[in-house]
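this one's sequence-less:
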């Protein structure tokens, strides 16, 4: 089968999946093809919710709109060592358990404030020896955080609308006056 | 030859054969075809046509699947080339992968290679400094290697010749140990680099911080436009290949120039197995090539042969060119072929900060990379407990700090805030290493590559002189940084293997005496007068300048001599 046909069919399948009732998606696979890690649709949604908490939609696009969670999964699949991929999966389970234990709910069931509180508590847990959270959980969160921000600051949206990247500067001014810009 | 009919011999016969199409091979091809010689250019890799074959050159960061990072599978499969700074998602296709051409490391050696038309000239760091009299006289004065058979005055006009064509940006700094050249306007130093330059000048009579000289068209002349190249646009994405031809590469410059002459034939996918030596004629008659697609062995013939396969591979070709007359490699009467290999010591760095000039920054990007500190140790006389010295890079920069702490809209705000750092400064060491008989390459007796050619065994290492020199670099730069008022000074020393500098040199060195060298003062084999070696293999010593400009000058000079000798009927 031609690659394009495959992709087209895949798009139809994914499109179809979106129409299924939420309860039917539990056994579904992630919406992008992954070679090295096994991610379910639920797990993809969890990563999406975490990414969206990190980079939320405000008056500018958020993580889901920019597909940053899919970029996170793509990077996990392609650019990490096997042990980090395993820690990512293990840590994701630990994260789910920790949320359940703390709030008696899934991450999806939390308010935005609770979601932020949960993520900030992991970020605050910096001591590698006396950490509160298991190390795989921290690896999992570290990857989601790092790659969400990496994907965001290297997105077409960010590099054309926020901090503009110049492919062809056409100049080098060695002595350029600087005055700090006040943020909007 | 017996199985070829007369016509096919004729089809396979040229005036000149150039082995390799990179930095120096491109120059050999240009010079020989300019002089009207029918020239065959052999390249072991694929063709890379200027612009057409630069697939990533106009890609934006977000267009790279992994935003510039290479997949872990690629990194893990290529531990050697993965250590090279330029081996990323945008340029990996121009590097040889570890399994493509295996070699034996008797001692760790990171052999970084680019097998394609243009070779590593697509990927180089583009720094171009002339050698001076102090460099050529080094071995004789300090009693190592052998005396260079030439002096600065012999090569100076050829530096000028290649600089005009390649296009070198720089200032006429008037420093005896780093002679001025034919320069296009320099890329200026920024405020902190200028401050440091002034500080160093006031404190040390013989130390200079100058604009790095580089092969970029800061202001092209007609000769550059004639090559189809235009002004450098300060993209600093050079390793992808430049659509403007803004920096010098064989692909943008010498190879298309040679092809345009109508006298050149370019044959990619052609690994040279050996140079053919005719015992009766007492000269080389051609080369034996393995076609990498068909694995077929093919012979080509010519009156003169330029070996420009890149330093280590040139050694491989010559060592593998054995005959009754030369059982240990072509032209190897002296027994030094493959020996006295040296490199540059890049294993020390120093970083610091400067709390001043906050009202200044830079705008755009600097293709030169900043400043350059020519060698100041042991120039006029021996003054330290080690031989020779080092050049140093120096640059100052500010960058947007993007704190990643926190989540939500405050994080989004922080990521776009103007949060420019103070000035950071950094330097890296470029040390001369001393060629020694014990640093060598040789052919493995049993292992072969996929083309049936023996694998190279590389045995090259640092020595005590390198350690002492590194210590001095760290001490001197620390002192210069401290007195300049730089703070938070951090020197670091890594344990990189030789080779990662990508400045490997020697093995077929030049010298006056055929008993101790392979090439004479014209880069011509002492024992086989129609074979010339003008890539890094010819280097008698390494000095500490980036070597490419010197290879270009040697090549143009040797080509001029070779054609003169042909006309006189001497070869």
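Received the coordinates, thanks. Note that the structure is predicted; figures quoted are calculated from it, not measured.

In the chain, where is pLDDT below threshold?
Using chain A. Along chain A, segments meeting pLDDT under 70 span A:1-27, A:183-184.

look at chain B instead
In chain B (pLDDT under 70), the answer is B:1-5.

the domain parsing of it - what is it?
Following automatic domain parsing, one gets these domains for chain B: B:1-170+B:214-342+B:504-571, B:174-212+B:347-387+B:389-433+B:462-497.

Show me what counts as buried in the helix or strand that contains residue A:87.
Taking DSSP states H and E as the criterion, residue A:87 maps to helix A:82-103. By neighbour count on 16 or more other CB atoms under 10 Å in any protein chain shown, the buried set for helix A:82-103 is A:84-85, A:87-92, A:94-96, A:98-99, A:103. Just so you know, the C-beta spots here come from the backbone N, C-alpha and C atoms, and that holds for glycine as well.

Check stretch A:137-144 too.
A:137-144.

Report how many residues lie close to the residue nearest to residue B:353 when sequence neighbours are not counted.
Once flanking residues are discounted, residue B:353 sits nearest to residue B:488: 4.8 Å by CB to CB, 6 or more residues apart in numbering or on different chains. By the criterion of other CB atoms under 10 Å in any protein chain shown, residue B:488 has 11 neighbours.

For stretch B:168-181, measure first residue to last.
Separation of the first and last residues of stretch B:168-181 by CA to CA, to the nearest Å is 8 Å.

got the buried residues for it?
Using 16+ other CB under 10 Å as the test for burial, stretch B:168-181 gives B:168-170, B:173, B:177-179, B:181.

who touches the closest residue to residue B:151 other than its chain neighbours in this structure?
Computed as CB to CB, 6+ apart, the closest residue to residue B:151 that is not its neighbour in sequence is residue B:136, at 5.1 Å. By CB atoms under 8 Å, 6 or more residues apart in numbering or on different chains, the residues touching residue B:136 are B:148, B:150-152, B:155.

Turn those residues into JSON lines, columns for secondary structure and neighbour count.
Formatted as JSON lines, the contacts of residue B:136 follow (DSSP: H, G, I helix; E, B strand; the rest coil; neighbours: other CB atoms under 10 Å in any protein chain shown):
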{"residue": "B:148", "secondary structure": "coil", "neighbour count": "25"}
{"residue": "B:150", "secondary structure": "coil", "neighbour count": "18"}
{"residue": "B:151", "secondary structure": "coil", "neighbour count": "14"}
{"residue": "B:152", "secondary structure": "helix", "neighbour count": "17"}
{"residue": "B:155", "secondary structure": "helix", "neighbour count": "20"}
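
thinking residue B:384 is in contact with residue B:377, fair?
Yes. Counting by CB atoms under 8 Å, residue B:384 does reach residue B:377; the two are 5.8 Å apart.

okay, these two: which has more neighbours?
The residue with more neighbours, out of residue B:384 and residue B:377, is residue B:377; 22 against 13, by other CB under 10 Å.

on that earlier part again, ok, which of the domains of chain B comes nearest residue A:56?
domain B:174-212+B:347-387+B:389-433+B:462-497 (5.7 Å; CB to CB).

Tell me how far that closest one lies from the chain's centre.
Computed by CA atoms, centre = their mean, to the nearest Å, the chain-centroid distance of domain B:174-212+B:347-387+B:389-433+B:462-497 equals 22 Å.
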